[in-house]
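> sequence and computational prediction follow.
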Amino acid sequence: MTGTTHNQVAHETAKAADLITLPDTPLTGAVVQLIKPVETPSVFNHSIRTYLFARLVAARLALAAGQDYDDDLLFAACTMHDLGVASDGPHTQRFEVEGADRAAAFLIEHGRSAADADEVWQAIALHTSTGIAERRGTLCVLVREGVALDFGGPMGTTHADALSDEQAEAVHAAYPRLEMIRSLTDAIVAQAAKNPANGPRYSIPGEFLREREAFGRTRMEHACNSSRWGD
């Protein structure tokens, strides 16, 4: 009995380690070196969780890395999807497009093809676009659903069962939330306030800015209070 218990513990420990293990390639290492110094710890952790959750959605959809999607590109798109609010950015376009432009240029600089860069560009630029991202290919779907899972419900629950409570606990232990909703909303609003082009009406950044100015709080922040993870 004792041996069985130890085996079970070892198995669960190994599963948790696999769940939070990041790919170890030159490109993924370069991405981390790019984003970690220029994003808040909260937004950085959100970016990593987005990748980990997207990978679970891929498994739920029976999509295999190397066959149905490129794992390096999934990592790049997920972890750079909020690069538009990074502290070192030009902040002259809405944050989704600014992040997509920076990510695409980064991939070209690191030897990926124009087609790969465009695929990541679309996934980042469309990650806030419900009903559009889902029609633009596997990478767009996985990034959108990874983000949605990390918001815990307000962005949709299509693949909520891809992530068990036990898996969520392991991911959050490694990459805690640190009031992600407030931190990310602060960053989006600050970026949108710098230039009228950054927050066009009826876009996510535009509406976040107007809701904060009018009510002191966005509807997203309110909805996340009762979501699966809270803030």
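Great, that's in hand. Residues are numbered from 1 along each chain as shown.
> next helix or strand past the lowest-mean-pLDDT helix or strand in the chain?
Least confident element among the helices and strands of the chain, by mean pLDDT, DSSP states H and E: helix 2-20 (a mean of 57). For helix 2-20, the following helix or strand on the C-terminal side (DSSP states H and E) is helix 26-35.
> quick check: buried residues in that following helix?
Within helix 26-35, the residues that count as buried by 16 or more other C-beta atoms under 10 Å are 27-28, 31-32, 34-35. For the C-beta atoms, the positions are set from N, CA and C on the backbone; glycine is no exception.
> ok, the spatially most central residue of the chain - contacts?
For the chain, residue 50 is the residue whose C-alpha lies nearest the centre (C-alpha atoms, centre = their mean; 3.6 Å). For residue 50, the contact set (C-beta atoms under 8 Å, 6 or more residues apart in numbering) comprises 78-79, 81, 143, 146-147, 149-150.
> ok, of those residues, which one's closest to residue 119?
Ranked by distance to residue 119 (C-beta to C-beta), these are led by residue 143 at 10.3 Å.
> follow-up on the earlier one: doesn't the residue nearest to the centre of the chain fall inside a strand?
No - looking at residue 50 with DSSP: H, G, I helix; E, B strand; the rest coil, it is helix, so not inside a strand.
> what about the strands in the protein?
Assigned by DSSP state E, the chain shows no strands.
> and residue 129, how far from residue 144?
8 Å (C-beta to C-beta, to the nearest Å).
> between the contacts of residue 50, which sits nearest residue 163?
Set against residue 163, the nearest of the contacts of residue 50 by C-beta to C-beta is residue 149 (5.7 Å).
> how far away is that closest one from residue 227?
Residue 149 is 11 Å from residue 227, where distance means C-beta to C-beta.
> please identify which of those two sits among more neighbours.
For residue 149 versus residue 227, neighbours defined as other C-beta atoms under 10 Å are more numerous around residue 149 (28 against 16).
> give the contact list for the closest residue in space to the more buried one that isn't next to it in sequence.
Nearest residue to residue 149, sequence neighbours excluded (C-beta to C-beta, 6 or more residues apart in numbering): residue 53, at 4.0 Å. By C-beta under 8 Å, 6+ apart, the contact list for residue 53 reads 145-146, 149-150, 162-163, 171.
> what's the neighbour count on residue 104?
As a measure of burial, residue 104 has 23 neighbours, counting by other C-beta under 10 Å.
> if you could redo that for residue 77, that was the one I meant.
Per other C-beta under 10 Å, the neighbour tally for residue 77 reads 31.
> which one is it nearest to, not counting chain neighbours?
Nearest residue to residue 77 in three dimensions, chain neighbours excluded: residue 123, at 4.1 Å (C-beta to C-beta, 6+ apart).
> any idea how far the one you found lies from residue 83?
12 Å.
> repeat that for residue 216.
From residue 216 to residue 83 the distance is 27 Å (C-beta to C-beta).
> okay, those two: which has more neighbours?
residue 83 (26 against 8).
> where does the nearest residue to that one once chain neighbours are set aside land on pLDDT?
Of all residues not flanking residue 83 in the chain, residue 99 sits nearest, at 3.9 Å (C-beta to C-beta, 6+ apart). For residue 99, the pLDDT comes out at 96.
> before we move on, what about the one 10 residues further on?
Residue 109 is assigned a pLDDT of 97 by the prediction.
> okay, now it: neighbour count?
Residue 109 is flanked by 10 other residues according to other C-beta under 10 Å.
> quick check: it vs residue 74, distance?
Distance of residue 109 to residue 74, given as C-beta to C-beta: 19 Å.
> returning to that earlier point: could you dump the buried residues of helix 26-35 to CSV with distance to residue 199?
Output for the buried residues of helix 26-35, formatted as CSV (distance: C-beta to C-beta, whole Å):
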residue, distance to residue 199
27, 32
28, 31
31, 27
32, 29
34, 25
35, 22
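> understood, closing this out.
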